[in-house]
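Trainee: Show me how the following folds:
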Amino acid sequence: MTPQLAIITGLSGAGRTTAAKVLEDLGYFVIDNMPPQLIERVVDLATAPGSTVDRVALVVDVRGRHFFGDLHRTVQSLEDRGLSVRVLFLESADEALVKRYEAARRAHPLSGAGRVVDGIARERALLADLRAEADLVVDTTDTNVHELRDRLVDAFGEGRQDGMVVNVVSFGFKNGTPRDADLVLDCRFLPNPHWVDELRPFTGLDEPVREYVLAQPDTVAFVERLWPLLDLMVPAFVKEGKHYLTIGIGCTGGRHRSVVLGEMIAEHIRSLGVSVQVDHRDRTTQ
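Mentor: From the prediction side, this is the model:
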């Protein structure tokens with residue numbers, strides 16, 4: 001039996017402990033503060049004859065200090081052995097991290113005698129390459145514990161399919177772009193249903209708004225150009241072995257145009273045989 005292996009890492013204060021508890025509830029054998037040099041030994045034990053461990057999650061972070069080069073090499077070595085390794089990277093905006101440290105009255109592990117914000121900056125720089133290579137990046141800036149749990153259950157739970165999962169997130173630019181998006185699309189050039197009195201109370205999930213957006217010539221032109229791009233990118237990411245892809249589609253408020261197009265993008269990607277999750281982040285905001 002080949003166990004599933006998840007590595008939980010990311011910025012201090014971004015939710016690694018919560019993530020570890022979620023994966024433990026999902027049946028993972030979780031080890032916190034794991035030095036990368038010991039990861040292969042743990043995997044050897046999990047794959048030894050007679051082992052009943054089928055899911056292992058390892059929390060790796062800056063408490064291990066100079067580990068990043070070792071972690072890159074370790075992940076590559078495990079993948080060369082044919083093991084499935086999924087790296088979860090948790091991050092958050094600086095201001096949110098500072099508030100969390102102030103509330104907990106704890107020092108950042110890299111701040112030394114300096115300010116928390118200085119420690120965050122050092123850690124963010126150290127983790128830049130690891131973030132770029134992570135399978136799933138989750139931004140917890142505006143995410144509560146329950147929302148984070150739901151996201152991780154979708155990604156790591158029993159219902160998760162093998163292969164790549166695409167997350168399509170509609171949003172409003174006025175509320176900020178999704179920090180964890182791999183690809184961000186802007187549809188603010190389309191006529192805005194918000195300025196049509198009879199459409200304003202509805203959202204992009206309602207048929208009147210959908211009909212209005214799809215009737216615009218620029219929508220037709222946009223979609224005609226977008227589909228070939230997705231037809232190229234999505235299968236290529238699957239072939240490359242990427243596990244998660246997040247596509248953001250934004251309009252001004254995130255209630256009308258981006259919701260319509262987000263649903264269309266999700267439907268098109270499903271037609272390619274790829275699993276899709278949809279999140280209309282700002283659909284209910286005013």
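
Trainee: For the rest of this, base every contact and every neighbour count on C-alpha atoms.
Mentor: Will do.

Trainee: Output the below-cut-off pLDDT ranges for this structure.
Mentor: Counting by pLDDT under 70, the chain has low-confidence residues at 1, 63-69, 158-162, 286.

Trainee: Got the domain ranges for it?
Mentor: Segmentation of the chain into domains, based on automatic domain parsing, reads 4-160, 166-280.

Trainee: Using TSV, lay out those together with mean neighbour count.
Mentor: What follows is those, written out as TSV (neighbours: other CA atoms under 10 Å):
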stretch	mean neighbour count
domain 4-160	17
domain 166-280	18
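
Trainee: For the stretch 1-150 of the chain, which segments count as strands?
Mentor: According to DSSP state E, counting those that start in this stretch, the stretch 1-150 of the chain carries its strands in the segments 4-10, 29-31, 55-59, 85-91, 136-139.

Trainee: Distance to R122 for those strands - can I get that in TSV?
Mentor: Below are those laid out as TSV (distance: least, CA to CA, whole Å):
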stretch	distance to R122
strand 4-10	13
strand 29-31	25
strand 55-59	19
strand 85-91	14
strand 136-139	18
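
Trainee: Identify whichever of the ones you listed lies nearest to I247.
Mentor: Between I247 and the strands of the stretch 1-150 of the chain, the tightest spacing by CA to CA is seen for strand 136-139, at 12.2 Å.

Trainee: How far away from the center of its chain is the closest one?
Mentor: Strand 136-139 has its C-alpha centroid displaced from the chain centroid by 3 Å (CA atoms, centre = their mean, to the nearest Å).

Trainee: Using CSV, write out every CA atom in it.
Mentor: Included here for strand 136-139 are C-alpha records, laid out as CSV according to Å, rounded to 0.1, in the frame of the first residue of the first chain:
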residue,chain,number,x,y,z
LEU,A,136,-2.0,24.2,-3.1
VAL,A,137,-1.7,27.8,-1.8
VAL,A,138,-4.4,28.9,0.6
ASP,A,139,-4.7,32.5,1.7
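
Trainee: who does that strand touch, helix- and strand-wise?
Mentor: Contacting strand 136-139 under the criterion 3 or more CA pairs under 8 Å, 6 or more residues apart in numbering; DSSP states H and E are the following elements: strand 85-91.

Trainee: Surely V85 touches P3?
Mentor: No. Taking contacts as CA atoms under 8 Å, V85 lies outside contact range of P3: 9.6 Å.

Trainee: who touches stretch 76-83?
Mentor: By CA atoms under 8 Å, 6 or more residues apart in numbering, the surrounding residues in contact with stretch 76-83 are 2-5, 40, 84-85.

Trainee: try it again with 7 Å
Mentor: With contact meaning CA atoms under 7 Å, 6 or more residues apart in numbering, stretch 76-83 is reached by V85.

Trainee: Now it - C-alpha only, CSV.
Mentor: What follows is stretch 76-83 as a C-alpha-only set of coordinates in CSV (Å, rounded to 0.1, in the frame of the first residue of the first chain):
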residue,chain,number,x,y,z
GLN,A,76,12.0,15.6,-5.3
SER,A,77,13.5,12.3,-3.9
LEU,A,78,10.1,11.1,-2.8
GLU,A,79,8.5,11.9,-6.2
ASP,A,80,11.3,10.1,-7.9
ARG,A,81,10.3,7.0,-5.9
GLY,A,82,6.8,7.2,-7.4
LEU,A,83,5.2,8.6,-4.2
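
Trainee: show me where the stretch 101-250 of the chain has helices.
Mentor: 116-126, 128-133, 145-156, 207-214, 217-240 (DSSP state H, counting those that start in this stretch).

Trainee: Of all these, which one comes closest to V75?
Mentor: Smallest distance to V75 across these (CA to CA): 10.6 Å, for helix 128-133.

Trainee: Report all helices and strands that that closest one contacts.
Mentor: Helices and strands touching helix 128-133, by 3 or more CA pairs under 7 Å, 6 or more residues apart in numbering; DSSP states H and E: there are none.

Trainee: repeat that with 10 Å
Mentor: The helices and strands touching helix 128-133, judged by 3 or more CA pairs under 10 Å, 6 or more residues apart in numbering; DSSP states H and E, are strand 4-10, helix 68-80, strand 85-91.

Trainee: mind putting those in a markdown table, distance to G262 included?
Mentor: Formatted as a markdown table, those follow (distance: least, CA to CA, whole Å):
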| stretch | distance to G262 |
| --- | --- |
| strand 4-10 | 28 |
| helix 68-80 | 33 |
| strand 85-91 | 24 |
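
Trainee: Perfect, I'm done here.
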